[in-house]
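Peer 1: fold the following for me, if possible:
(chains A and B, ligands or ions: 3)
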Amino acid sequence: MNKHLYAPGHTACAGCGQSLAVRLVMDAAGKNTIVANNTGCLEVFSTKYPESAFEVPFIHSLFENAPAVASGVEAALIHLGKKEGTNIIAEAGDGGTADIGLQSLSGMWERGHDILYICYDNEAYMNTGIQRSGLTPHLANTTTSPKGQKSSGNLRFKKPIPEIANAHGIPYVATASIGYPQDIQRKVKKALSIKGPKYLQIHVPCPLGWQFAPQASVDVGKLAVETGLYPLFEYENGQLTAVRKITPKPVEEYLKSQGRFKHLLNNPEGIAQVQAVADRNIAKYGLKAENTSA
Amino acid sequence: MKEFLEGSMAVARAVALCRPGVISAYPITPQTHIVEELAQMVADGHLNAQFVNVESEHSAASVVLGGEAAGVRSYTATSSQGLFLMAEVVFNIAGMRLPIVMTDANRAISAPINIWNDQQDTISLRDSGWVQLYMEDLQETVDFHIMAYRLGEDKSIMLPVMVCMDGFILTHGIETVDMPSQEQVDKFLPPYKALYKLDVENPMTLGPLADPDYYLEARYAIHATHKKVLELLPKITAEYAKATGRSYNGLVEGYQIKDAERVLVAMGSVCGTIKDVVDELRAKGKKVGLLKVTCFRPFPAEQICGALKNVARVGIVDKSVSLGSYAPLAAEMKAAFFGRKKKPEIISSFVAGLGGRDITKESVKEMFSMLTQKEKACEYIDLKPELLKENYE
Ligand SMILES: Cc1ncc(C[n+]2csc(CCOP(=O)(O)OP(=O)(O)O)c2C)c(N)n1
Ligand code: SF4
Ligand SMILES: [Mg+2]
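Peer 2: Ligands and ions are numbered 1, 2, ... in the order given. Next up, the predicted model:
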């Protein structure tokens, strides 16, 4: 068996979708890769001194600056004449990407660095105990968007980061999910074959924060895609070039798989609101599979 | 009413009793429980406030700046990296004389990243113009949040106040706390009336450019106001004692120092541990004591020097350090004593507890015993030489 570039022995929760995604990403990227990581679950569970799960060069600086740190690494490699053949990956959680680190990320995109940025989207600040982020989905219960007598959870909608990435005119933007492991690896390889800034957002279910059994991570990931709540697509040079087609399942199936939506189950209005989110995605990205009867 | 409460929960309740209208904060360990609790109170309709979920601490601080500038009592809380990301806004808030109250859950600074307690975060912002109060236990923490609003909002002060509580030790510790009633707090803390605010009825410009003709005076005014805090705070604590029956000095508090020959000076929760050791050593006939510094900004130099003028040997316990120089509290105390006739023969400086290294009773005893030796400039307590990669002797 080949050695993984992201080794076991880290302290992620059982069934952690993020940890699974990182292993897939690292194996696809290969050993000539340097990783810059924002603060978050990943950096905490994989690099507690004196150990590290990373078999490639890895740097963690702060919560909001991995894209700028990676930009500096790229500059140094160019200066040394060593950029060719070395991949640079900057990565973070959804909070580090969509909220506190967005400025740094926008700068990296705009300056045109040859860096693949990966957002591991577990839809909340998990490392600090499940607070909402700009990528927390509509009506999810988190500790700072709690359900309560006067609230049914997070009232906002997921920030359209892939669209924001596109608006920067970068050459490659894609989404992926741990429900589809080979697809993740294909997209990482494709991204790394393209010069310039790339953005890949991977849906990584979190058993602890979403409240489901650890063995269900991959299935929960698939359901998000199959309901239209997490559309998988690729943009190349601003053009939508591929989507994963689905025969949409009702969102209720997805909602009832996780405790964070439990308060919606006796709330038909809430379910309808979430269904409307899925329907908008399905229409926008043309997700519905044609009825091919041949 | 006496209740058995987690520190963060107690702070959230105390803040709610102050009826803030704008709350904004961003998650960071070990502060987060405080805002989670406040978010739940708002979600349940128990607290009539706007709770603004933001994308970073820079925005959390800016939101409360805006809220307070519009004339509404505002609250935020943070820790460590979060406080540092706020730093620019923190100075700005003081410069604009906005009496915001912030809780900082004291935590070490990265790198290496470490979520455990020391006081490097708030100490590093000591020059920001905020009043800084350091808490020993949960009862103090609750009471000083309420007094913080009263102090900061006083028309003669108009300054923001940072209530500093040791992360985990206090934020996650559980103690019996006597929560004041809403009536008591309402009586003690009147609704906030801003001296200046953003108001269409009475337009004014906040945060203008001050050229060299004006800037110096703006800074001097804050500096001079800090001196007034030293006079006002003990009066406010006295009034609070009338309202609740609990009395504090607010600046410094001595414990067994009257006839003491050796005294440790410290801030925050470690004072509890030191008191235990003082009791043990006193039982053995040793004349030891503690001077607790509650108020670090403004710096109560007169009170400190007065309390220690007859003590022969003084040791200062800092949970932070100015790397490359001295430990902060020690440096300020030495400066305060400089040139005075009556002062300790020895003023030793100890750095302890960085990054959550436990300051045990043994550590405290070691410091007391070092006070019998020659003066220590900046002695690291409980250092593990075997972990150092080089020899620094
Ligand atoms: C400036 C600053 N603010 C807050 C924090 C505390 N903090 C560390 S990780 C984290 C949440 C990370 O969330 P996300 O980026 O979604 O990653 P996850 O842990 O969910 O994988 C927070 C709030 C910090 N380290 N620095
Ligand atoms: S909290 Fe979630 S993201 Fe963090 S380690 Fe556990 S499962 Fe993974
Ligand atoms: Mg996250």
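
Peer 1: how far out from the middle of the chain is stretch A:148-156?
Peer 2: Distance of stretch A:148-156 from the chain centroid (C-alpha atoms, centre = their mean, to the nearest Å) equals 24 Å.

Peer 1: could you export that stretch as CSV, CA atoms only?
Peer 2: Backbone C-alpha positions of stretch A:148-156 (Å, rounded to 0.1, in the frame of the first residue of the first chain) are rendered in CSV as follows:
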residue,chain,number,x,y,z
GLY,A,148,-35.5,29.4,20.3
GLN,A,149,-39.0,30.5,21.2
LYS,A,150,-38.5,33.5,18.8
SER,A,151,-36.1,31.9,16.3
SER,A,152,-35.9,28.9,14.0
GLY,A,153,-32.2,28.9,13.6
ASN,A,154,-29.9,30.6,11.0
LEU,A,155,-32.1,33.0,9.0
ARG,A,156,-29.4,33.8,6.4
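
Peer 1: quick check: buried residues in it?
Peer 2: In terms of neighbour count (16 or more other C-beta atoms under 10 Å in any protein chain shown), stretch A:148-156 has its buried residues at A:148, A:151, A:152, A:153, A:154, A:156. Every residue, glycine included, has its C-beta placed from N, CA and C.

Peer 1: nearest to residue B:341, out of the residues you listed: which one, please.
Peer 2: Nearest to residue B:341 among these: residue A:148, at 62.3 Å, using C-beta to C-beta.

Peer 1: phi, psi for the nearest residue to the closest one once chain neighbours are set aside please.
Peer 2: Leaving aside its sequence neighbours, residue A:148 sits nearest to residue B:43 (C-beta to C-beta, 6 or more residues apart in numbering or on different chains; 3.0 Å). Backbone geometry at residue B:43, expressed as degrees, to the nearest 10, gives phi -60, psi -30.

Peer 1: name the element the residue lying closest to residue B:168 once chain neighbours are set aside belongs to?
Peer 2: Among residues not flanking residue B:168 along the chain, residue B:30 sits closest, at 5.0 Å (C-beta to C-beta, 6+ apart). Using DSSP states H and E, residue B:30 is not contained in any helix or strand.

Peer 1: OK, contacts around residue B:30?
Peer 2: Going by C-beta atoms under 8 Å, 6 or more residues apart in numbering or on different chains, residue B:30 touches B:8, B:79, B:105, B:107, B:115, B:117, B:167, B:168, B:171, B:172.

Peer 1: need the three-state assignment for the first one.
Peer 2: Translated: residue B:8. Recorded secondary structure, residue B:8: helix (DSSP: H, G, I helix; E, B strand; the rest coil).

Peer 1: touching, it and residue B:38? I think so.
Peer 2: No: Residue B:8 is not in contact with residue B:38 according to C-beta atoms under 8 Å; the separation is 9.7 Å.

Peer 1: could the contacts of residue B:30 go into TSV alongside secondary structure and distance to residue B:127?
Peer 2: Output for the contacts of residue B:30, formatted as TSV (DSSP: H, G, I helix; E, B strand; the rest coil; distance: C-beta to C-beta, whole Å):
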residue	secondary structure	distance to residue B:127
B:8	helix	28
B:79	coil	19
B:105	strand	21
B:107	coil	20
B:115	coil	25
B:117	coil	22
B:167	coil	22
B:168	coil	27
B:171	coil	25
B:172	coil	29
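
Peer 1: in ChimeraX, how would I pick out whichever of these are buried, leaving the exposed ones unselected?
Peer 2: The command below creates a ChimeraX selection of those among those that count as buried (16+ other C-beta under 10 Å):
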select /B:8,79,105,107,115,117,167,168,171
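
Peer 1: chain A: which of the contacts of residue B:30 is nearest?
Peer 2: residue B:115 (8.8 Å; C-beta to the nearest C-beta).

Peer 1: that closest one - nearest residue in space that isn't next to it in sequence?
Peer 2: Distances taken as C-beta to C-beta, 6+ apart put residue B:29 closest to residue B:115, at 4.8 Å, once the chain neighbours are dropped.

Peer 1: same question for residue B:138.
Peer 2: Counting by C-beta to C-beta, 6+ apart, the residue nearest residue B:138 is residue B:175, at 4.4 Å.

Peer 1: just say helix, strand or coil for the one you found.
Peer 2: Here residue B:175 is recorded as strand under three-state DSSP.

Peer 1: with pLDDT and distance to ligand 2 added, can I get the contacts of residue B:30 in a markdown table?
Peer 2: Compiled in a markdown table, the contacts of residue B:30 are given as follows (pLDDT from 0 to 100; distance: C-beta to the nearest ligand atom, whole Å):
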| residue | pLDDT | distance to ligand 2 |
| --- | --- | --- |
| B:8 | 98 | 20 |
| B:79 | 98 | 20 |
| B:105 | 98 | 21 |
| B:107 | 98 | 20 |
| B:115 | 98 | 15 |
| B:117 | 98 | 23 |
| B:167 | 98 | 20 |
| B:168 | 98 | 19 |
| B:171 | 98 | 20 |
| B:172 | 98 | 18 |
